[in-house]
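Asker: need a 3D model of the following:
(one chain, ligands or ions: 1)
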Amino acid sequence: MSVPTVVVHRDADVLAKAVAARIITRLVDAQSAKGSASLVLTGGTVGIATLAAIRDTPARDAVDWRRLDIWWGDERFLPSGDPERNETGARQALLDHVDVDPSRVHVMAGPDSGLSAEESADAYATELAKAARPEDHGPAPSFDVMLLGMGPDAHVASLFPGMPALYDTRPAVAVHGAPKPPPTRITLTLPVIQGSREVWVVAAGEEKSGAVRLALEESGPVQVPAAGARARRRTLFLLDRAAASKIPPGLGRIASP
Ligand SMILES: O=C(O)[C@H](O)[C@@H](O)[C@H](O)[C@H](O)COP(=O)(O)O
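Answerer: Below is the predicted model of the structure:
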């Protein structure tokens, strides 16, 4: 697994715009090389602000949105269209504004599908397996970019410290009793996160600074899930100055103006 590289931006607004530019470039490169690309979205303020920044970037038209597979790292187990769903936020911020292929937008089903949370997670795992290629060497695609927001408790996706999902080796699982509402969620698990080509953890604000430090040190992923957010090829921690304020000197930090 790759050692994280840290890039620090002035504030949350510049961070979102910088991550947006980085995503556009990464998707264009992947599509040029392979003919298609895959992107895993996250909920949370930075995750959604990044999507809105992509929407507002003229260079977004360099991406062939029809040849992009869009997945989610986690989802709140709520009915389709619920404003609290990560899917709803992503559609409003970006997906409703670009010409995505609906068959390549892979949503995690909510209760209105008639599935339980467990059944929804199993259905997603099946969809992941169908999309996996032999060269991915696993039960899910080796995603070009997996975006992960991070909570002040160092959770990523809906992998919260000490909870059973962190011990689960299935690709996607249901979460009950999540400390961040709503309590019932669907999440990818660490093996799928770690099978990605690139993982980008995005975080802004002083309240994330302690979790950032723990995540960059050799912490255990059960207590510090973001410490398990490591990719096959490249792991980035894309932060604002406030979230980076407790990083020990020399820990892979590349400061930007
Ligand atoms: O469903 C969710 O809530 C997210 O997927 C979650 O993992 C989020 O990314 C972090 O909690 C950070 O959220 P903030 O950026 O809003 O602090």
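Asker: how about the stretch 151-257 of the chain: which residue is closest to the ligand?
Answerer: Distances from the stretch 151-257 of the chain to the ligand, computed as C-beta to the nearest ligand atom, single out G151 as the nearest residue at 3.9 Å. (C-beta placed from N, C-alpha, C; glycine too.)
Asker: tell me who's in contact with that residue.
Answerer: Applying C-beta atoms under 8 Å, 6 or more residues apart in numbering to G151 gives the contacts 44, 160, 180, 208, 211.
Asker: so what pLDDT did the first one get?
Answerer: Reported pLDDT at G44 in the predicted model: 97.
Asker: that one: how many residues sit nearby?
Answerer: For G44, the tally of surrounding residues (other C-beta atoms under 10 Å) stands at 21.
Asker: so what's it closest to, chain neighbours aside?
Answerer: G149 (3.2 Å; C-beta to C-beta, 6 or more residues apart in numbering).
Asker: same check on the third one?
Answerer: When the adjacent residues along the chain are set aside, K180 lies closest to G151, with 6.3 Å between them (C-beta to C-beta, 6+ apart).
Asker: is it correct that P183 is in contact with F160?
Answerer: No: counting by C-beta atoms under 8 Å, F160 is not a contact partner of P183; they are 10.5 Å apart.
Asker: where does the stretch 151-257 of the chain dip in pLDDT?
Answerer: Low-confidence segments of the stretch 151-257 of the chain (pLDDT under 70): 250-257.
Asker: so where do the helices sit in it?
Answerer: Remark: helices assigned in the stretch 151-257 of the chain by DSSP state H, counting those that start in this stretch are 190-194, 209-216.
Asker: is the longest one anywhere near the ligand?
Answerer: So that's helix 209-216. No: under the criterion of C-beta under 6 Å from any ligand atom, helix 209-216 makes no contact with the ligand; the nearest approach is 9.9 Å.
Asker: what is that helix packed up against?
Answerer: The helices and strands touching helix 209-216, judged by 3 or more C-beta pairs under 8 Å, 6 or more residues apart in numbering; DSSP states H and E, are strand 198-203, strand 234-240.
Asker: sheet partners, orientation included, of the first one?
Answerer: With DSSP bridges as the criterion, the sheet partners recorded for strand 198-203 are strand 145-149 (parallel), strand 234-240 (parallel).
Asker: save these as a markdown table, and put in distance to A30 and mean neighbour count too.
Answerer: Rendered in a markdown table, the data for these read as follows (distance: least, C-beta to C-beta, whole Å; neighbours: other C-beta atoms under 10 Å):
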| stretch | distance to A30 | mean neighbour count |
| --- | --- | --- |
| strand 145-149 | 8 | 26 |
| strand 234-240 | 13 | 24 |
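Asker: any chance of TSV for the ones you listed, columns distance to the ligand?
Answerer: Listed next are the strands paired with strand 198-203 as TSV, based on distance: least, C-beta to the nearest ligand atom, whole Å:
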stretch	distance to the ligand
strand 145-149	2
strand 234-240	11
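Asker: mind putting those strands in a markdown table, distance to S113 included?
Answerer: Supplementary listing: the strands paired with strand 198-203 in a markdown table, determined by distance: least, C-beta to C-beta, whole Å:
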| stretch | distance to S113 |
| --- | --- |
| strand 145-149 | 24 |
| strand 234-240 | 33 |
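Asker: give me the distance between V145 and E135.
Answerer: Distance of V145 to E135, given as C-beta to C-beta, to the nearest Å: 17 Å.
Asker: got a list of what the nearest residue to K208 once chain neighbours are set aside touches?
Answerer: Ranked by C-beta to C-beta, 6+ apart and with sequence neighbours excluded, the top spatial neighbour of K208 is A243, at 4.2 Å. A243 makes contact with 203-206, 208-209, 212 under the criterion C-beta under 8 Å, 6+ apart.
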